[in-house]
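Enquirer: Predicted coordinates and the sequence they were generated for:
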Amino acid sequence: MIPVMYSYISALTGPGSDSFQARTVEWGRDHHLGSIVDGVERYWYEHHPAKVGGAPSAGDAPRLAGTATVEVSPISRSGTSGGVEPVTTAAPGETSPTSPGTAGTTATAGSTAPAITTASLPGLSTTTTPVGAPAPLQTPAATPLAGEGVWSALGPMVRGQVAAYVTAIRPDSVHTSDLVAVVRFEPGLFTFRAYPGTKIPGSPWDRPDHVEPDRQAALVAAFAGGFRLRDSGGGMLLGGRQLQPMSNGVATFAIDKNGVPNVGAWGRDMGPSDALDSARQNLPLIVDNGVAAANLATDPNRVWGFTGPANKSAVWRSGAGVTASGALIWVGGPAMTISTLADVLIRAGVVRGMQLEINQEWVQFNTYVTKNGNTSGKRLLSGMQHTGSRWLTEDTRDFVAVFGPTS
């Protein structure tokens, strides 16, 4: 038992901000106990289902790093007394996807909390929806909340325009007390860069397992990568090196050497190229050509993870995709099945989308601000398990960082 205990204690005391439970689970999977871990997780999902009905609480809306925050388009808990204003417009060159029976946003007089907040940015009004913002997202919930789906600015302005937006909507018409975050990065205004973790992929690379100090002043956001590579159904490239062979047809988050991201199927939408800086595969696409994959609703827990019968347990998930214009969309939060994750991506205009992570421990998106030479971060949603400073120091799993201009 001495080698076993030494191995387990080393796993518990290693670098990174993973919780005791997460380290135990990861150690178990590394030591041929995956079936036991899967059984425990299924038992947990069955006995701790996401809440049905209700309304979001004041602390559920996205929160951003910054020197100041103000209310933007507050989300009301009091109904729809202000009436319904259907969404009929979309960003230039894109559509605003809808679902039968859904309505647009409402403006409820006298509403208070919760509110989507945004950093106070020079030259940008933070009391109204930014000029040029995309059309509000339509909620899948039967009764919209005031401000639900309305975009707020995220991060600094780039070349005089808002470069990223954030909003929140309910995941479906059943889990109405939960909000999932939706982030949109406009094309060509930020640069993206993938980073390794100490364990995933766990090999020396051309970059460290955290954002380098000399790059942190330009850091705007970062989000978690995908499954453990052995469970991803694909491979990984980083800095021109291949850790695990890439597989044709598998969903891939690729970034070229200019920092431009793309999501698609390997071998069709992207492939081996000297122009690629990184490529991370994770299961098949869940959205293709703007339509959800046909077998999402009947997945027998062999394609997109192990979360209850046919993957129907509503749990924390994250995903990413690209719009027709090249904007990068990130979605994450609680109470989502694989089908509802795809639905939210489609509502945000995604034409090709993939799942990234499952479980509250691993779904993470942080925003950052640098003041007086010190960079600090904040979790986008309060339920995310790791700290806002994650990825400023070494971490166990790979992630994607988003950078803006340094001045």
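Expert: Happy to help now that I have it.

Enquirer: and V369, how many neighbours does it have?
Expert: Neighbourhood size, V369 [other Cβ atoms under 10 Å]: 19. (Each C-beta comes from the backbone N, C-alpha and C, glycine too.)

Enquirer: Report pLDDT for it.
Expert: V369 carries a pLDDT score of 95 in this model.

Enquirer: pretty sure it is touching Q216, no?
Expert: No - applying Cβ atoms under 8 Å, one finds V369 not in contact with Q216, separated by 10.3 Å.

Enquirer: Mind listing the shared neighbours of the two?
Expert: Contact with both V369 and Q216 is made by residues T375, according to Cβ atoms under 8 Å, 6 or more residues apart in numbering.

Enquirer: Can you list the low-confidence ranges for the stretch 201-350 of the chain?
Expert: Within the stretch 201-350 of the chain, the segments meeting pLDDT under 70 span 300-301, 308-311.

Enquirer: at 90 what do you get?
Expert: 201-205, 227-233, 240-244, 295-313 (pLDDT under 90).

Enquirer: Bridged to F253, which residues?
Expert: V263, R280 (DSSP bridges).

Enquirer: how many neighbours does it have?
Expert: 26.

Enquirer: Let me see the contact set for V182.
Expert: V182 touches 137, 166-169, 329-331, 344, 348, counting by Cβ under 8 Å, 6+ apart.

Enquirer: what's the closest of these to I2?
Expert: Nearest to I2 out of the contacts of V182 is W330 (Cβ to Cβ; 44.3 Å).

Enquirer: Ramachandran angles for the closest one?
Expert: Per-residue torsions, W330: phi -120, psi 140 (degrees, to the nearest 10).

Enquirer: Identify the residue spatially nearest to it, adjacent ones excluded.
Expert: Closest residue in space to W330, ignoring its immediate chain neighbours: V183 at 4.4 Å, by Cβ to Cβ, 6 or more residues apart in numbering.

Enquirer: Can you tell me which of the contacts of V182 is closest to S57?
Expert: A168 (12.4 Å).

Enquirer: what sits opposite that closest one in the beta ladder?
Expert: Here A168, judged by DSSP bridges, has bridge partners A181.

Enquirer: neighbours of it, just the number please.
Expert: 27.

Enquirer: what do you get for the one 4 residues further on?
Expert: Residues contacting D172 under the criterion other Cβ under 10 Å number 21.

Enquirer: what pLDDT does it get?
Expert: So D172 comes in at 95 (pLDDT).

Enquirer: Is it correct that it is in contact with D178?
Expert: No - using Cβ under 8 Å, D172 is not in contact with D178, being 9.1 Å away.

Enquirer: what is in contact with those two at once?
Expert: Common contacts of D172 and D178 (Cβ under 8 Å, 6+ apart): A335.

Enquirer: Okay, strands next: where are they in the stretch 301-407 of the chain?
Expert: 315-323, 328-336, 350-358, 365-371, 374-379, 399-403 (DSSP state E, counting those that start in this stretch).

Enquirer: Of all those, which one comes closest to P56?
Expert: Short answer: strand 328-336, nearest of the strands of the stretch 301-407 of the chain by Cβ to Cβ, at 10.6 Å.

Enquirer: Give me the angle between the closest one and strand 399-403.
Expert: 130 degrees (axes from the mean of the first three to the mean of the last three Cα atoms, to 10 degrees).

Enquirer: okay, the angle between strand 328-336 and strand 365-371?
Expert: Going by the same axes, to 10 degrees, strand 328-336 is angled at 120 degrees with respect to strand 365-371.

Enquirer: nearest to V250, of the strands of the stretch 301-407 of the chain?
Expert: strand 350-358 (9.0 Å).

Enquirer: and the closest one, what other elements does it pack with?
Expert: strand 219-224, strand 251-256, strand 261-265, strand 287-288, strand 315-323, strand 328-336, helix 338-347 (3 or more Cβ pairs under 8 Å, 6 or more residues apart in numbering; DSSP states H and E).

Enquirer: In TSV: these, plus distance to L381.
Expert: As requested, the helices and strands packed on strand 350-358 are exported to TSV (distance: least, Cβ to Cβ, whole Å):
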stretch	distance to L381
strand 219-224	12
strand 251-256	21
strand 261-265	22
strand 287-288	22
strand 315-323	9
strand 328-336	6
helix 338-347	14
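
Enquirer: Nearest approach to L237 belongs to which of those?
Expert: Short answer: strand 251-256, nearest of the helices and strands packed on strand 350-358 by Cβ to Cβ, at 8.3 Å.

Enquirer: So for the closest one, what gets flagged as buried?
Expert: 251-256 (16 or more other Cβ atoms under 10 Å).

Enquirer: of those residues, closest to W362?
Expert: Nearest to W362 among those, with distances taken as Cβ to Cβ, is F253, at 15.1 Å.

Enquirer: How about the contacts made by the closest one?
Expert: Contacts of F253 (Cβ under 8 Å, 6+ apart): 194, 225-226, 261-263, 279-282, 320, 354, 356, 400.

Enquirer: who's in contact with the closest residue to S232 other than its chain neighbours?
Expert: Distance criterion Cβ to Cβ, 6+ apart; nearest residue to S232, sequence neighbours excluded, is N282 at 4.8 Å. Counting by Cβ under 8 Å, 6+ apart, N282 makes contact with 225-227, 232-234, 250-253, 354-356.

Enquirer: Now render those as TSV, adding distance to G305.
Expert: Converted to TSV, the contacts of N282 look like this (distance: Cβ to Cβ, whole Å):
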residue	distance to G305
G225	15
G226	11
F227	8
S232	11
G233	11
G234	14
V250	15
A251	13
T252	17
F253	17
M354	12
Q355	7
L356	11
